[in-house]
Structures are given as structure tokens and as C-alpha cells.
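# Sharing a model that was predicted from the sequence below.
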Amino acid sequence: MAQKFHIKRNDQVVVIAGSQKGKEGKILELLPAKSRARIEGIAMMKRHVKKSQEHPQGAIVEREGSVHISNLMLKTVFDASKRKKSAPAAATA
């Protein structure tokens, strides 16, 4: 049976813990096997691409990495919570 998460694809979320804390974006993909999600513009990582039709020379491409679901919160819930007031101070540190 499929796992049930508090978020789904295309939701706006805020990262509440980890190295990407305070950033927000849209969920591109859920990875239920690992309880992780890919979020637009967050946890960017570089990947080497082999030579192909699209990349005749090969390339180093930046892609979204994944963030654990426990570190994410819906933006609407985040805005309504007390965390919003403390997040900007933590983000600058």
C-alpha cells in the first residue's frame, strides 16, 4: 500500500530544517520509497552527462536533489504558525 504524506506534487512548501532551511519552492516529485521530495530550485547538485544528441560534448548539469519529507512544511501552514517569525532570523545566521 502507498504511503500517505502531508504534502503532494505542486504544493508550495518551506524547508524547516537542514542546510536549506528557510527556502521555499514547489514540489516537483515525491520519492515515497525514500520518504523524500524534489523541490524546485532547492538542494541543487551537479551531475555529469554523457555525450548525446542533446549534449554533443557532454556536460555538467545542475539538478534538484531531494529533501526528506520531515523537513518540509506546507507554506500555508508555515505562514499561519509561529515559525514564520523566527525563520528570517535563523536564515541570516
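Received, thanks.

# in this structure, which helix or strand is least confident?
helix 83-92 (a mean of 61; mean pLDDT, DSSP states H and E).

# Let me know the average pLDDT across stretch 16-32.
Per-residue pLDDT values across stretch 16-32 average out to 93.

# contacts for stretch 6-25?
Residues outside stretch 6-25 that contact it (Cβ atoms under 8 Å, 6 or more residues apart in numbering) are 26-30, 37, 39-43, 67-76, 78, 83, 87-88, 90-91. Just so you know, the C-beta spots here come from the backbone N, C-alpha and C atoms, and that holds for glycine as well.

# any chance you could map the helices in the chain?
Secondary structure of the chain by DSSP state H: the helices cover 75-80, 83-92.

# Any of the contacts of stretch 6-25 buried? List them.
27, 30, 37, 39, 42-43, 67, 69, 71-75, 78, 87 (16 or more other Cβ atoms under 10 Å).

# Go through these and flag which are in strands.
27, 30, 37, 39, 67, 72-74 (DSSP state E).

# Same list (those residues) but as a markdown table, adding distance to K21.
Compiled in a markdown table, those are given as follows (distance: Cβ to Cβ, whole Å):
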| residue | distance to K21 |
| --- | --- |
| I27 | 17 |
| L30 | 20 |
| A37 | 15 |
| I39 | 13 |
| V67 | 10 |
| L72 | 11 |
| M73 | 11 |
| L74 | 16 |
